[in-house]
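Colleague: With the input below, show me the fold.
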Amino acid sequence: MNQNRMIIGLGVAVLVAFALSIYIYSAFKKAATPAVAMPTNSIVVAADALPLGTRLNGSNVKTIPWPSGQPLTGMMTKIDDVQNRAVITNVAENEPILESKLAPVESGAGLPATIPEGMRAVSVAVNDVVGVAGFVIPGTTVDVLVTGATMGSQGNVTRTILENVRVLAAGQKIEQDREGKPETVPVITLLVAPEDAAKLTMAAVQGKIQLALRNTADTKATAPAPVLQAALFGGGVPAEPVHVVRLRPAAPPAYVIEVINGGKRENKSFGNQQATAPAPGSAN
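Modeller: Okay, the predicted model is just below:
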(Lines give C-alpha, C1' and ligand atoms only; values in the text may rest on other atoms or scores of the structure.)
Protein backbone atom coordinates (compact mmCIF):
# COMPACT_ATOMS: atom_id res chain seq x y z
CA MET A 1 0.00 0.00 0.00
CA ASN A 2 2.71 2.43 0.96
CA GLN A 3 4.67 1.32 -2.06
CA ASN A 4 1.75 2.22 -4.39
CA ARG A 5 1.46 5.65 -2.82
CA MET A 6 5.16 6.26 -3.35
CA ILE A 7 4.88 5.25 -6.99
CA ILE A 8 1.90 7.58 -7.52
CA GLY A 9 3.70 10.48 -5.77
CA LEU A 10 6.78 9.89 -7.86
CA GLY A 11 4.72 9.92 -11.08
CA VAL A 12 3.02 13.20 -10.13
CA ALA A 13 6.38 14.79 -9.34
CA VAL A 14 7.75 13.69 -12.71
CA LEU A 15 4.75 15.15 -14.55
CA VAL A 16 5.04 18.50 -12.69
CA ALA A 17 8.76 18.68 -13.39
CA PHE A 18 8.14 17.88 -17.07
CA ALA A 19 5.48 20.62 -17.41
CA LEU A 20 7.67 23.15 -15.62
CA SER A 21 10.63 22.36 -17.87
CA ILE A 22 8.46 22.88 -20.96
CA TYR A 23 7.28 26.28 -19.63
CA ILE A 24 10.81 27.41 -18.84
CA TYR A 25 12.04 26.27 -22.24
CA SER A 26 9.27 28.21 -24.01
CA ALA A 27 10.01 31.37 -22.00
CA PHE A 28 13.71 31.24 -22.81
CA LYS A 29 12.95 30.62 -26.46
CA LYS A 30 10.71 33.71 -26.67
CA ALA A 31 13.29 35.85 -24.90
CA ALA A 32 16.00 34.68 -27.29
CA THR A 33 13.88 35.50 -30.38
CA PRO A 34 14.79 39.04 -31.61
CA ALA A 35 11.87 41.57 -31.81
CA VAL A 36 10.73 42.54 -35.26
CA ALA A 37 12.10 46.04 -35.98
CA MET A 38 9.50 48.66 -36.99
CA PRO A 39 10.39 50.30 -40.30
CA THR A 40 11.36 53.94 -39.83
CA ASN A 41 12.15 56.97 -41.90
CA SER A 42 14.00 60.20 -41.12
CA ILE A 43 12.25 63.43 -40.21
CA VAL A 44 13.77 66.88 -39.77
CA VAL A 45 13.19 68.52 -36.36
CA ALA A 46 14.46 71.63 -34.62
CA ALA A 47 17.70 71.06 -32.73
CA ASP A 48 16.91 74.07 -30.50
CA ALA A 49 14.02 76.44 -29.92
CA LEU A 50 13.71 78.60 -33.07
CA PRO A 51 12.13 82.06 -32.94
CA LEU A 52 10.02 83.37 -35.79
CA GLY A 53 12.06 84.37 -38.86
CA THR A 54 15.06 82.10 -38.12
CA ARG A 55 16.93 80.87 -41.21
CA LEU A 56 17.47 77.10 -41.05
CA ASN A 57 20.81 75.38 -41.57
CA GLY A 58 22.66 72.30 -40.46
CA SER A 59 23.40 73.76 -37.01
CA ASN A 60 19.83 74.41 -35.84
CA VAL A 61 18.03 71.36 -37.27
CA LYS A 62 18.62 67.59 -37.12
CA THR A 63 17.03 64.32 -38.24
CA ILE A 64 15.52 61.63 -36.01
CA PRO A 65 13.87 58.24 -36.77
CA TRP A 66 10.13 58.39 -37.45
CA PRO A 67 7.72 55.46 -38.03
CA SER A 68 7.24 54.98 -41.76
CA GLY A 69 3.59 54.07 -41.27
CA GLN A 70 2.77 57.35 -39.51
CA PRO A 71 3.82 60.15 -41.88
CA LEU A 72 3.06 63.82 -41.13
CA THR A 73 1.62 66.13 -43.75
CA GLY A 74 4.42 68.34 -45.08
CA MET A 75 7.18 66.55 -43.17
CA MET A 76 10.79 66.97 -44.32
CA THR A 77 13.09 63.96 -44.53
CA LYS A 78 16.41 65.64 -45.39
CA ILE A 79 18.17 68.70 -44.01
CA ASP A 80 18.83 69.86 -47.58
CA ASP A 81 15.05 70.26 -47.97
CA VAL A 82 14.98 73.07 -45.37
CA GLN A 83 18.40 74.60 -45.95
CA ASN A 84 18.32 78.47 -46.02
CA ARG A 85 14.56 78.61 -45.49
CA ALA A 86 13.02 80.65 -42.65
CA VAL A 87 10.36 79.61 -40.16
CA ILE A 88 7.22 81.76 -40.09
CA THR A 89 6.27 80.78 -36.55
CA ASN A 90 8.04 79.94 -33.31
CA VAL A 91 9.24 76.31 -33.24
CA ALA A 92 9.99 74.33 -30.06
CA GLU A 93 13.00 72.08 -29.58
CA ASN A 94 12.54 68.67 -31.27
CA GLU A 95 9.38 69.90 -33.01
CA PRO A 96 9.05 68.58 -36.59
CA ILE A 97 9.79 71.10 -39.34
CA LEU A 98 6.76 71.05 -41.63
CA GLU A 99 6.22 72.80 -44.96
CA SER A 100 3.42 74.90 -43.43
CA LYS A 101 5.91 76.40 -40.97
CA LEU A 102 8.38 77.53 -43.63
CA ALA A 103 8.54 80.65 -45.76
CA PRO A 104 8.90 80.25 -49.54
CA VAL A 105 12.41 79.51 -50.77
CA GLU A 106 12.89 82.98 -52.30
CA SER A 107 11.59 84.89 -49.24
CA GLY A 108 14.89 85.01 -47.39
CA ALA A 109 14.94 85.27 -43.61
CA GLY A 110 13.89 87.62 -40.86
CA LEU A 111 10.63 89.53 -40.58
CA PRO A 112 10.02 89.97 -44.35
CA ALA A 113 9.90 86.20 -44.76
CA THR A 114 6.96 86.00 -42.34
CA ILE A 115 4.75 88.42 -44.34
CA PRO A 116 2.34 86.57 -46.66
CA GLU A 117 1.94 87.88 -50.18
CA GLY A 118 -0.60 90.72 -50.31
CA MET A 119 -0.21 91.65 -46.64
CA ARG A 120 1.76 94.39 -44.86
CA ALA A 121 3.66 94.73 -41.58
CA VAL A 122 3.04 98.00 -39.72
CA SER A 123 4.81 98.99 -36.49
CA VAL A 124 3.20 101.25 -33.87
CA ALA A 125 4.72 102.69 -30.72
CA VAL A 126 2.96 101.59 -27.54
CA ASN A 127 3.46 101.65 -23.79
CA ASP A 128 2.97 99.01 -21.10
CA VAL A 129 -0.75 99.76 -20.89
CA VAL A 130 -1.37 99.83 -24.64
CA GLY A 131 0.68 96.64 -25.02
CA VAL A 132 -1.49 94.83 -22.44
CA ALA A 133 1.26 94.77 -19.82
CA GLY A 134 3.70 92.82 -22.00
CA PHE A 135 1.34 89.97 -22.89
CA VAL A 136 1.22 91.05 -26.54
CA ILE A 137 3.96 88.85 -28.01
CA PRO A 138 4.62 87.41 -31.49
CA GLY A 139 1.95 84.94 -32.50
CA THR A 140 -0.86 86.49 -30.43
CA THR A 141 -3.86 88.25 -31.96
CA VAL A 142 -5.34 91.59 -30.95
CA ASP A 143 -8.09 94.08 -31.72
CA VAL A 144 -7.06 97.71 -32.34
CA LEU A 145 -9.12 100.47 -30.73
CA VAL A 146 -8.64 104.20 -31.36
CA THR A 147 -9.86 107.21 -29.39
CA GLY A 148 -10.16 110.60 -31.05
CA ALA A 149 -12.27 113.74 -31.31
CA THR A 150 -15.58 113.68 -33.17
CA MET A 151 -16.73 116.24 -35.71
CA GLY A 152 -19.72 117.24 -33.57
CA SER A 153 -20.10 118.45 -29.98
CA GLN A 154 -20.25 115.04 -28.32
CA GLY A 155 -16.57 114.96 -27.26
CA ASN A 156 -14.26 112.03 -28.01
CA VAL A 157 -15.24 108.67 -29.43
CA THR A 158 -13.63 105.23 -29.10
CA ARG A 159 -14.16 102.72 -31.89
CA THR A 160 -12.69 99.36 -32.91
CA ILE A 161 -11.00 99.80 -36.29
CA LEU A 162 -9.31 96.37 -36.68
CA GLU A 163 -10.16 92.91 -35.35
CA ASN A 164 -8.21 89.65 -35.06
CA VAL A 165 -4.88 91.15 -36.11
CA ARG A 166 -1.79 88.95 -35.79
CA VAL A 167 1.26 90.26 -33.93
CA LEU A 168 4.44 89.64 -35.93
CA ALA A 169 6.99 91.13 -33.57
CA ALA A 170 7.31 92.94 -30.27
CA GLY A 171 10.44 94.94 -29.55
CA GLN A 172 11.84 98.34 -28.66
CA LYS A 173 13.26 101.35 -30.43
CA ILE A 174 15.03 104.51 -29.34
CA GLU A 175 13.21 107.83 -29.72
CA GLN A 176 13.77 111.34 -28.40
CA ASP A 177 11.51 112.80 -25.75
CA ARG A 178 10.29 116.43 -25.67
CA GLU A 179 13.61 117.54 -24.28
CA GLY A 180 15.57 115.72 -26.97
CA LYS A 181 16.79 112.97 -24.64
CA PRO A 182 16.78 109.38 -25.91
CA GLU A 183 14.18 107.05 -24.44
CA THR A 184 13.20 103.44 -25.06
CA VAL A 185 9.76 102.99 -26.63
CA PRO A 186 8.06 99.59 -26.97
CA VAL A 187 7.01 98.80 -30.54
CA ILE A 188 4.44 96.29 -31.76
CA THR A 189 4.46 95.11 -35.40
CA LEU A 190 1.08 93.98 -36.76
CA LEU A 191 0.20 91.99 -39.89
CA VAL A 192 -2.56 93.82 -41.78
CA ALA A 193 -4.07 94.24 -45.24
CA PRO A 194 -2.90 97.28 -47.26
CA GLU A 195 -6.13 99.22 -46.64
CA ASP A 196 -5.91 98.45 -42.92
CA ALA A 197 -2.32 99.71 -42.88
CA ALA A 198 -3.65 103.16 -43.79
CA LYS A 199 -6.27 102.99 -41.03
CA LEU A 200 -3.71 101.94 -38.45
CA THR A 201 -1.28 104.70 -39.44
CA MET A 202 -4.00 107.39 -39.28
CA ALA A 203 -5.13 106.12 -35.87
CA ALA A 204 -1.58 106.15 -34.49
CA VAL A 205 -0.92 109.68 -35.76
CA GLN A 206 -4.25 111.43 -35.13
CA GLY A 207 -5.61 109.55 -32.13
CA LYS A 208 -4.67 107.26 -29.27
CA ILE A 209 -4.64 103.52 -29.91
CA GLN A 210 -5.23 100.65 -27.49
CA LEU A 211 -4.67 96.94 -28.12
CA ALA A 212 -7.17 94.38 -26.83
CA LEU A 213 -5.67 90.87 -26.50
CA ARG A 214 -7.74 88.00 -27.96
CA ASN A 215 -7.76 84.26 -27.50
CA THR A 216 -5.95 82.93 -30.57
CA ALA A 217 -8.80 80.44 -31.11
CA ASP A 218 -11.38 83.26 -31.13
CA THR A 219 -11.49 84.57 -34.71
CA LYS A 220 -15.11 85.75 -34.79
CA ALA A 221 -15.67 89.38 -35.83
CA THR A 222 -17.96 91.23 -33.40
CA ALA A 223 -17.99 94.80 -34.82
CA PRO A 224 -18.68 96.54 -31.47
CA ALA A 225 -20.50 99.86 -31.60
CA PRO A 226 -18.50 103.09 -31.06
CA VAL A 227 -18.60 104.62 -27.58
CA LEU A 228 -19.23 108.38 -27.35
CA GLN A 229 -17.78 110.40 -24.52
CA ALA A 230 -21.10 112.22 -24.06
CA ALA A 231 -22.97 108.92 -23.81
CA LEU A 232 -20.44 107.39 -21.41
CA PHE A 233 -20.15 110.30 -18.97
CA GLY A 234 -23.46 112.09 -19.56
CA GLY A 235 -25.73 109.27 -18.43
CA GLY A 236 -27.16 108.63 -21.86
CA VAL A 237 -27.18 109.72 -25.45
CA PRO A 238 -27.51 113.51 -25.55
CA ALA A 239 -30.85 114.80 -26.82
CA GLU A 240 -31.09 116.49 -30.16
CA PRO A 241 -30.96 120.31 -29.89
CA VAL A 242 -34.40 121.99 -29.87
CA HIS A 243 -34.88 124.66 -32.50
CA VAL A 244 -37.17 127.46 -31.26
CA VAL A 245 -39.23 129.13 -33.98
CA ARG A 246 -40.15 132.71 -33.09
CA LEU A 247 -43.52 133.74 -34.51
CA ARG A 248 -44.24 137.36 -35.37
CA PRO A 249 -47.17 138.79 -33.34
CA ALA A 250 -50.46 139.04 -35.18
CA ALA A 251 -51.42 142.48 -36.42
CA PRO A 252 -54.20 144.19 -34.41
CA PRO A 253 -57.59 144.31 -36.14
CA ALA A 254 -58.62 147.44 -38.05
CA TYR A 255 -61.09 149.81 -36.32
CA VAL A 256 -63.95 151.81 -37.82
CA ILE A 257 -65.00 155.36 -36.85
CA GLU A 258 -68.34 156.92 -37.80
CA VAL A 259 -67.85 160.47 -39.16
CA ILE A 260 -70.79 162.94 -39.22
CA ASN A 261 -70.33 165.80 -41.60
CA GLY A 262 -73.43 167.98 -41.49
CA GLY A 263 -76.24 165.71 -42.32
CA LYS A 264 -73.96 163.13 -43.89
CA ARG A 265 -72.74 160.04 -42.06
CA GLU A 266 -69.98 157.78 -43.19
CA ASN A 267 -67.74 155.05 -41.70
CA LYS A 268 -63.99 155.29 -42.12
CA SER A 269 -61.65 152.35 -41.54
CA PHE A 270 -58.25 153.13 -40.00
CA GLY A 271 -56.21 149.86 -40.45
CA ASN A 272 -53.47 149.37 -37.75
CA GLN A 273 -52.82 153.02 -37.02
CA GLN A 274 -53.33 154.45 -33.60
CA ALA A 275 -56.04 157.14 -33.25
CA THR A 276 -54.62 160.43 -32.12
CA ALA A 277 -56.42 162.76 -29.79
CA PRO A 278 -57.12 166.25 -31.14
CA ALA A 279 -54.67 168.88 -30.08
CA PRO A 280 -55.90 171.21 -27.28
CA GLY A 281 -57.71 174.24 -28.62
CA SER A 282 -58.48 172.77 -32.00
CA ALA A 283 -61.97 173.10 -33.44
CA ASN A 284 -64.32 170.11 -33.71
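Colleague: how about the helices in this protein?
Modeller: Using DSSP state H, the helices of the chain run over residues 2-32, 194-206, 229-233.
Colleague: now the lengthiest strand in the chain and helix 194-206, what's the angle there?
Modeller: When the chain is scanned for its longest strand (criterion: DSSP state E), the result is strand 156-176. Strand 156-176 runs at 80 degrees relative to helix 194-206, counting by axes from the mean of the first three to the mean of the last three C-alpha atoms, to 10 degrees.
Colleague: right, and the helices of the chain - which one's nearest Lys264?
Modeller: Among those, the nearest to Lys264 by C-beta to C-beta is helix 229-233 (74.6 Å). The C-beta positions use only the backbone N, C-alpha and C, and glycine is treated the same way.
Colleague: distance between that closest one and the chain's centre?
Modeller: Centroid separation between helix 229-233 and its chain, computed with C-alpha atoms, centre = their mean, to the nearest Å, is 26 Å.
Colleague: how close does Val187 get to Val122?
Modeller: Applying C-beta to C-beta, to the nearest Å, the value for Val187 to Val122 is 11 Å.
Colleague: cool, and Pro226?
Modeller: 22 Å.
Colleague: again with Trp66
Modeller: Distance, Trp66 to Val122, by C-beta to C-beta: 40 Å.
Colleague: which residues are in contact with stretch 204-214?
Modeller: The contact list for stretch 204-214, computed with C-beta atoms under 8 Å, 6 or more residues apart in numbering, reads 124-126, 129-132, 135-136, 140-148, 158, 160, 164, 188, 200, 203.
Colleague: Report the buried residues of that stretch.
Modeller: Going by neighbour count (16 or more other C-beta atoms under 10 Å), the buried part of stretch 204-214 is Ala204, Gly207, Ile209, Gln210, Leu211, Leu213, Arg214.
Colleague: Can you flag which of the contacts of stretch 204-214 belong to strands?
Modeller: 124-125, 141-148, 158, 160, 164, 188.
Colleague: Looking at those residues, state which has the most neighbours.
Modeller: Counting neighbours by other C-beta atoms under 10 Å, Ile188 comes out on top of those with 26 neighbours.
Colleague: That one: what's it in contact with?
Modeller: Shown in contact with Ile188 (C-beta under 8 Å, 6+ apart): Ser123, Val124, Val126, Gly131, Val136, Val167, Ala169, Ala170, Leu211.
Colleague: just Asp143 next, same as before
Modeller: Here Asp143 is in contact with Thr160, Leu162, Glu163, Asn164, Val165, Leu211, Ala212, Arg214 (C-beta under 8 Å, 6+ apart).
Colleague: rerun at 7 Å
Modeller: Counting by C-beta atoms under 7 Å, 6 or more residues apart in numbering, Asp143 touches Thr160, Leu162, Glu163, Ala212, Arg214.
Colleague: Quick check: the first one vs Thr40, distance?
Modeller: In other words, Thr160. 51 Å.
Colleague: next one: Ala121
Modeller: Between Ala121 and Thr40 the computed distance is 40 Å (C-beta to C-beta).
Colleague: which one of these two has more residues nearby?
Modeller: Ranked by neighbour count (other C-beta under 10 Å), Ala121 and Thr40 place Ala121 first, with 16 against 13.
Colleague: so the more buried one sits right up against Val187, yeah?
Modeller: No: assessed by C-beta atoms under 7 Å, Ala121 is found out of contact with Val187, at 11.4 Å.
Colleague: Show me where this structure dips below the pLDDT cut-off.
Modeller: Within the chain, the stretches with pLDDT under 70 are 1-6, 9-10, 31-37, 106-109, 127-134, 152-154, 171-185, 235-256, 259, 270-284.
Colleague: same thing but at 50, please
Modeller: Low-confidence segments of the chain, defined by pLDDT under 50: 174-176, 182-183, 273-284.
Colleague: Many thanks, have a good one.
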